[in-house]
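Peer 1: 3D model of this:
(chains A and B)
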Amino acid sequence: MAIEKYLVTSALPYANGDLHIGHLAGAYLPADIFVRFQKLLGNDVIYICGTDEHGTPISIKADQKKVPPRKIVDKYHRRIKSVFAGLNFCFDNFSGTARPVHYKISRQFFTNLYKNGYITTHTNKQLYCPHCKRFLPDRYVEGECPFCHSKEARGDQCDACGKLIDAIQLINPVCITCGHNPIIKETTNWFLNLPKFSDKLKKWIESKTEWKDNVKKFILGWLKSGLKERAITRDLDWGVPVPIENAKGKVIYVWFEAPIGYISSTIEWAERIGQPEKWKDYWFDKDRKLIHFIGKDNIPFHTIIWPAVLMGQDEDYILPYDVPANEFLNLEGRRISTSRNWAVWVNEYLEDFSADPLRYYLAANAPENKDCDFVWKEFQEKYNTDLANILGNFVNRVLKFSDKNFNHEIPFPTKLSAKNKEILEDISSVRDNVKQFYKTFKVRKACKSIIDLARFGNQYFDKTSPWTTIKSNPDTTAEAIYICGEIIRNLAIMIYPIIPSSAERLWNMLNFDKSILEYGWDGLLVEQNNPIKIGKIETLFEKIPDDIIEKQIQKLKGNNIMTKEESKETIDFETFKKLDLRIAEIISAEKVKNADKLLKLKIAVGDNIKQIIAGIAKHYAVEDLIGKKILIVNNLKPTIIKGEKSEAMLLAAVDGEKLTLLIPDKDIPEGSKVL
RNA sequence: GGCGAUGUAGCUCAGUUGGUUAGAGCAGUGGAAUCAUAAUCCAUUGGUCCGGGGUUCGAAUCCCUGCAUCGCUACCA
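Peer 2: Numbering: from 1, shown residues only, chains lettered A, B, ... in the order given. The predicted model follows:
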């Protein structure tokens, strides 16, 4: 059989925070399973990854903590790497984008595109801080909002009125790092001319008929709205310097250089194994299949921008062969949110569990075609039932029985009944199915087929009831146990990509002279024709007790109590007195046209009738509002929202998805002051 | 509002190109067995396949439409 060649990558994790289960389910576990499977097949494959170490969020964090960015990056690089090790991920190389080899090749990539005419320049005005001597990214500036005149607008958006703003529109802008006033200055940035690649990209994508449906849908949507030039440089000091004469203080924009990390990490790998030219076998070989595992949020970059960047090079880099993007993983019915700490952090998980329960649950419940839900109770149940009860117990009962009755061996029978031969064939077809599932990224189905085989094993064991036949007919008993042994041998190898360390422990009980990987998938094709010596029998899967699961659920709920309270500056009473807070009564309500969240309310405040626009349509029905007495800011400057006048602002308490109006405890006339 | 998806048993989901009587796991109920991690195995209850139209000899599957939920996006917070 011809050897197939693969190059597998997972999205580079951002070195600005820890990993949670959503990351794993989306990009890392599916890739690891795929790579282990390919290694079992004996194919030529390497698995490449590393941390993504540039970008504004890292810069900001570094400034806030008054440490160099590299320190932040190194810290998370270490943490991420150790978490991956704890989960048994088999990267061939795990690099980082702040290393010299990456700088070199990124600059080369940029230069080639530039030279080949794929890069344009545009000049625009931006804020520049003379004190810090640098241009300020949007989030580095605060000032007065040009629309509502709130004093705390950020450079990209005003939290008070919600409007998106351009930083240069800010009135009296302030640099958040030094507190000085920035000035407006012209700056030039470089843009990738994506439209130039349009035709080539379309043609290429159309040839990808085998790609997952969700991926194709996503790309088509993108192409339909048309490709635009995209800025690929930024005015920052943390990043890969732009390799052009007059580009001091400019770095290559992080989304442009991050995927190049796949290449620089491969180069690093080649150097590490002492064959510095070998990376070229991976990036220039037309027969090599390049597979990017990513989450769905990354689809446009990997299927449009990144291929365009590769197309624009001098050398013939291979393009992605497949991009099996996964959907998102929710947690206990809600979207994972790092800022609200609604997440299961992998490093915390590893304090209480080993790798395999999580690997198994995330594989069996992988968000392959649609978003999926991680539920702790289900995690426990799935693991306890499938692995401990069905698979673990099957292995245990067979090995113990055989150990006791067949002289510490799984016997090799003198003959096989027709029925049993048929069963061997059935096992073989399960094996073919599972192989096909792995190959086409259908890990859920692979899991199911494997556990079904273990189930079958239990049925078979019960039906043949060797514990009775052993007394009367040792020969047929030996046959039955042999079949069970064959099932176990197959199970061990087939499940290895998903739960490698458990599979290896099982393998060790069977005393083969080769490791699972050396034995390989094809080792299964060879019928076992010697007795198998049974080693020390140990419990494969300890059940997860209720209290540990309870602890996790409690921890999650506890985490979610507002850990990150944004602190606002204290104000004096005079400032507070400026607010005219009032009770108002809603006298009419209707939906605003062309807006899902907005309601137009008429309210009575004292002698006045005012109109306000409020974003509460998702939380309150029109008919439930009329007659309600609510709290408003009466003297907020009027504004126009969606073409409708809004003359005051309604106050409501908000917690994530929840929203509630503030209603007086006792009845009180509308117009009453709130103090 | 635009784009995309989803809706099948109490729960989680399979159902490939339309083809007998719509399936699995978990939970429930009844039973068997005692080799085994009180694990296993067998039987069984449970469904207007979201509603309504249409195409067809035949629709969970294809088309139209309505409703509900979710994601992205816009308005907004």
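
Peer 1: Contact partners for the residue nearest to A:I553 when sequence neighbours are not counted?
Peer 2: Nearest non-adjacent residue to A:I553, counting by CB to CB, 6 or more residues apart in numbering: A:W376, 5.2 Å away. Where C-beta positions appear, they are placed from N, C-alpha and C, glycine not excepted. Counting by CB atoms under 8 Å, 6 or more residues apart in numbering, A:W376 touches A:E332, A:I549, A:Q552, A:I553, A:L556.

Peer 1: Quick check: the gap between A:W376 and A:F89.
Peer 2: 23 Å (CB to CB, to the nearest Å).

Peer 1: cool, and A:N326?
Peer 2: A:N326 is 16 Å from A:F89, by CB to CB.

Peer 1: of the two, who's got more company?
Peer 2: Applying other CB atoms under 10 Å to A:N326 and A:F89 shows that A:N326 carries more neighbours, namely 26 against 23.

Peer 1: dump the residue contacts of that one.
Peer 2: A:A25, A:G26, A:A27, A:P30, A:F293, A:I294, A:G295, A:K296, A:A366, A:P367, A:E368.

Peer 1: any idea how far it is from A:A15?
Peer 2: For A:N326 relative to A:A15 (CB to CB), the value is 22 Å.

Peer 1: Would you agree A:L601 falls within a helix?
Peer 2: No: with DSSP: H, G, I helix; E, B strand; the rest coil as the criterion, A:L601 is strand rather than part of a helix.

Peer 1: beta partners of it?
Peer 2: A:A589, A:I612 (DSSP bridges).

Peer 1: Spell out the secondary structure type for whatever residue of the stretch 301-450 of chain A ends up closest to RNA strand B.
Peer 2: Using CB to the nearest atom of the strand, the closest approach of the stretch 301-450 of chain A to RNA strand B is made by A:G392 at 2.1 Å. State at A:G392, reduced to three classes by three-state DSSP: helix.

Peer 1: do the one 10 residues further on as well
Peer 2: The three-state assignment at A:S402 reads helix, by three-state DSSP.

Peer 1: What's the local residue count around it?
Peer 2: Neighbours of A:S402 (other CB under 10 Å): 26.

Peer 1: Can you tell me the element A:E542 falls in?
Peer 2: Assigned by DSSP states H and E, A:E542 falls within no helix or strand.

Peer 1: From A:P357, how far out is it?
Peer 2: 10 Å.

Peer 1: and those two? which has more neighbours close in?
Peer 2: A:P357 (23 against 13).

Peer 1: Looking at stretch A:309-323 now, give me its mean pLDDT.
Peer 2: Across stretch A:309-323, pLDDT averages out at 94.

Peer 1: what about that stretch, how long is it end to end?
Peer 2: 16 Å (CA to CA, to the nearest Å).

Peer 1: same question, stretch A:6-25
Peer 2: 21 Å.

Peer 1: Report the distance from that stretch to the chain centre.
Peer 2: In terms of CA atoms, centre = their mean, to the nearest Å, the centre of stretch A:6-25 is found 6 Å from the chain centre.

Peer 1: Looking at it now, give me its mean pLDDT.
Peer 2: Mean predicted lDDT for stretch A:6-25 stands at 92.

Peer 1: likewise stretch A:329-349?
Peer 2: The average pLDDT within stretch A:329-349 is 83.

Peer 1: Of all the residues in that stretch, which ones are buried?
Peer 2: A:329-332, A:336, A:340-346, A:348-349 (16 or more other CB atoms under 10 Å).

Peer 1: where in the stretch 51-200 of chain A is pLDDT low?
Peer 2: A:139, A:145-166 (pLDDT under 70).

Peer 1: Try it again at 80.
Peer 2: For the stretch 51-200 of chain A, the stretches with pLDDT under 80 are A:60, A:64, A:124-126, A:132-171, A:175-179.

Peer 1: which residues of it fall in helices?
Peer 2: A:56-65, A:69-86, A:100-115, A:198-206 (DSSP state H, counting those that start in this stretch).

Peer 1: now the ones you listed as JSON lines including mean neighbour count and distance to A:E422?
Peer 2: As requested, the helices of the stretch 51-200 of chain A are exported to JSON lines (neighbours: other CB atoms under 10 Å; distance: least, CB to CB, whole Å):
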{"stretch": "helix A:56-65", "mean neighbour count": "17", "distance to A:E422": "60"}
{"stretch": "helix A:69-86", "mean neighbour count": "18", "distance to A:E422": "43"}
{"stretch": "helix A:100-115", "mean neighbour count": "18", "distance to A:E422": "56"}
{"stretch": "helix A:198-206", "mean neighbour count": "14", "distance to A:E422": "45"}
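
Peer 1: Please tabulate these in TSV and include distance to A:I612 as additional columns.
Peer 2: TSV is the format used below for the helices of the stretch 51-200 of chain A (distance: least, CB to CB, whole Å):
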stretch	distance to A:I612
helix A:56-65	35
helix A:69-86	44
helix A:100-115	51
helix A:198-206	46
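
Peer 1: Please name whichever of these is nearest to A:N473.
Peer 2: helix A:69-86 (48.8 Å; CB to CB).

Peer 1: now for the closest one, which elements pack on it?
Peer 2: For helix A:69-86, the contact count by 3 or more CB pairs under 8 Å, 6 or more residues apart in numbering; DSSP states H and E identifies strand A:44-51, helix A:56-65, strand A:93-96, helix A:346-352 as packing neighbours.

Peer 1: Centre of the chain to that helix, how far?
Peer 2: 17 Å.

Peer 1: What of stretch A:245-252?
Peer 2: 32 Å.

Peer 1: same deal with stretch A:544-561?
Peer 2: The answer for stretch A:544-561 is 22 Å, by CA atoms, centre = their mean.

Peer 1: Wondering if that stretch reaches RNA strand B at all.
Peer 2: No: residues of stretch A:544-561 are not located near RNA strand B by CB under 7 Å from any atom of the strand, the shortest gap being 10.3 Å.
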